[in-house]
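> Prediction below, plus the sequence it came from.
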Amino acid sequence: MKQIILTLLLLTLPYTLHAQQSYEFSSLELEMDRIANKYGSNSSEVLKQMEKLLANSPNATPEEKGLFLAYDCSLRAKLTSTLAEERLKDLKNLSINYQDNASIRTATALCEAEIARLHDNDEEYETTIIKAFIFMQDAKLATLRYWIGLNVQYLFGKYQDYQSQEIGLLIGLKVAEDNQDQTRLAAANQLLAETYIATEQYELALKHNKETQKATNNIDDKWYQSEIYTNKAVALTKLGKLDQAIEFYRKSLALTKKLKVYREVQFINLDIAYVLMLKGNNSEAKTLIDDVQKYAKQYDDEFLIYQSLLFTSFQQLTNTSSSSKIQAQINFELSMSYFEKNNYQQSIIDSWLQKAEILKITGNYQESNHAFTQYFSLSKDVFINNNIKAKALIANAYQRIRLDDKAIAEYKLTRATTQKFELAQNRRYFVIGVALLAVILFFILLHFSWRLWKKQQFKKQEINRQRYYDPLTQAYNRRYFDEIICKKLLEDCLSNKTSYLLLIDIDHFKLFNDTYGHTAGDTVLKELVNSLKGDSRLLDSVVRMGGEEFIIILAPDENLRIDAVVERILKLVSNAQIIIEDTPKSITISIGYIPVEKANNNEDIKALVNLADKGLYIAKDSGRNRAIGIKDLQCPANYIDKVLIAQENELLTLTEVVCPT
């Protein structure tokens, strides 16, 4: 208990001491912010401009130099750890000279966290970002206080340490208020509203929601607007103001539809259905749930299927017939089984709470109390477990700080001792001896470092090869598509460059397997990849997504004629001879393809793949050995289904499916 109290005091005391201070951006901070906003999509240019800025700022304070190094480290970490570690070394040297400067120690810990994230070392990242949070509370540099204050909120939220999360966000909010930065005010207030919803402080949540809306009204970028409406609706629902809640849910729904984020539309519809059930309007709720189910099944969205099934069980609970209650229990158990299987812990907890509230309004208090008991029990277990993890992380962070301080002290002592020794020796012979020794050590270290580097590079290449390659065909695998290709596609979209995504499936592959056996099927898969890689344009872009399904990405090219490329691929595969049991065989493929030009996130890429799959389905349904193109990202699926297939040419049919304007 004493340790917990001490930890809380250590976290809250710095914030209390600095709460009344003003933290305004310096002119150098403002210029760095301007550069980041102007060249944000071009990391190399940002680095170049930042270095130029620092070179032209001879009066920059040590804190501002630390901020520059931390920003530089963050940008370099997106490229390679070696570059980032150079900046970390500079920051550690700065920390030695300014050990008591909280801003510099914050910047150093932040750089450590960025490098840990680059290496996917979650434990190291969490420990070092908390180190940054601890130092930040004594830091005087506004940018670092805002930067860390908002970025730790996800980590503390993950472990349900809402007190630390609130402290960080209030620090960030104070910076935004001191500078009257409307964009930062919107972000900080929005995250605080979400924190207060999580801690059931709904009036506070509404207060900060109102401040978020006020700030958003003063800026051109309205990217928070839908979330503002949704958060307000959640808080109003919890306060029993159901009519107002529905009003703001529908505002969020209208805006989300306008933005064409169709999957999110379904979740908002479920939220509205739930509030309607609380109001007793079960028929309208059922209509919304049924619409969501149709969408989920149409797009094979497994999570949404079971989420809508859960809400169906709630709607069935409102029916007094015994058969409806039995079916409600069956649907509830099916949904919970899916959540448990996929470790959706928060969905399980939320489900019990929602069930309890629905049962309560139906007058079934016994079952409602049972559901509430389950909810509180699960919530308590998760909270205790997360609380232990959060305390351990904070303790580890303080331990790391003590070790850092010890290392700095030892370094200073060693440096002082060396200086004293140097003064006591004959300068001439000492310098010569040290120089010779340094040369020898340099060449030894250079040789050793070169060999170590070569060994690490080889090991890294082998690890990456195993991680990103399909062992059977040596094509790239789904992990490579999700982690590397999707990122590149999104970067191209930001630069207004158009790539093409081709979804390929081998025609009658199951029949081939059943006829000649799986070994022959493996041969077909390998030979297909060899054929595709034989085309120089496709050499680095063939991905096996699973089974006989492949994806090819055609890089942006103004001179690209997609119809010619797709036709060449079809002919290349159909003309290739595959030797099975000493007999040449041939295969054909079907293709669905789509331009990648409007994607903003991974969900958009997933939607593109789904649309390409529609084209593939049409190609299969139209006789196989052909390609169908899908032109627009937001093309409604029900329209694609009604597209008439063009008349077949001799071997190939290339049809472009264009959405109506």
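That came through, no problem.

> by contact count, what packs against the one helix or strand residue 290 maps to?
Residue 290 belongs to helix 282-298 when assigned by DSSP states H and E. Packing contacts for helix 282-298, counted by 3 or more Cβ pairs under 8 Å, 6 or more residues apart in numbering; DSSP states H and E, involve helix 262-279, helix 302-317. All C-beta atoms are positioned from the backbone trio N, CA, C, and that covers glycine.

> Run the angle between that helix and helix 262-279 for me.
Relative orientation of helix 282-298 versus helix 262-279 (axes from the mean of the first three to the mean of the last three Cα atoms, to 10 degrees): 160 degrees.

> where does residue 380 land on pLDDT?
pLDDT, residue 380: 90.

> Pull the number of nearby residues for it.
Close neighbours of residue 380, defined as other Cβ atoms under 10 Å, add up to 10.

> Export the helices and strands packed on helix 282-298 as TSV, with columns for mean pLDDT and distance to residue 170.
Formatted as TSV, the helices and strands packed on helix 282-298 follow (pLDDT from 0 to 100; distance: least, Cβ to Cβ, whole Å):
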stretch	mean pLDDT	distance to residue 170
helix 262-279	94	28
helix 302-317	94	34
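
> mind checking how far residue 401 is from residue 132?
Taking Cβ to Cβ, to the nearest Å as the measure, residue 401 falls 11 Å from residue 132.

> Secondary structure element for residue 591, which one?
In the assignment (DSSP H and E), residue 591 maps to strand 589-596.

> So which elements touch that strand?
helix 486-494, strand 499-506, helix 562-575, helix 602-621, strand 627-630.

> how about 10 Å then?
When contacts are defined as 3 or more Cβ pairs under 10 Å, 6 or more residues apart in numbering; DSSP states H and E, strand 589-596 packs onto helix 486-494, strand 499-506, helix 518-533, strand 549-554, helix 562-575, helix 602-621, strand 627-630, strand 654-657.

> hang on, the earlier thing: can you lay out the helices and strands packed on helix 282-298 as TSV showing mean neighbour count?
Shown next, in TSV, are the helices and strands packed on helix 282-298 (neighbours: other Cβ atoms under 10 Å):
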stretch	mean neighbour count
helix 262-279	20
helix 302-317	22
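
> how about JSON lines for those helices, with distance to residue 483 added?
Compiled in JSON lines, those are given as follows (distance: least, Cβ to Cβ, whole Å):
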{"stretch": "helix 262-279", "distance to residue 483": "21"}
{"stretch": "helix 302-317", "distance to residue 483": "21"}
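
> quick one: which of the ones you listed is nearest residue 209?
With Cβ to Cβ as the criterion, residue 209 lies closest to helix 262-279 of the helices and strands packed on helix 282-298, at 15.8 Å.

> Which elements pack onto that closest one?
Helix 262-279 is packed against helix 225-238, helix 242-258, helix 282-298, helix 302-317, helix 345-361, helix 602-621, with contacts defined by 3+ Cβ pairs under 10 Å, 6+ apart.

> among those helices, which is nearest residue 42?
Evaluated with Cβ to Cβ, these place helix 602-621 nearest to residue 42, the distance being 21.6 Å.

> Not counting residues beside it along the chain, what's closest to residue 579?
residue 585 (7.5 Å; Cβ to Cβ, 6 or more residues apart in numbering).
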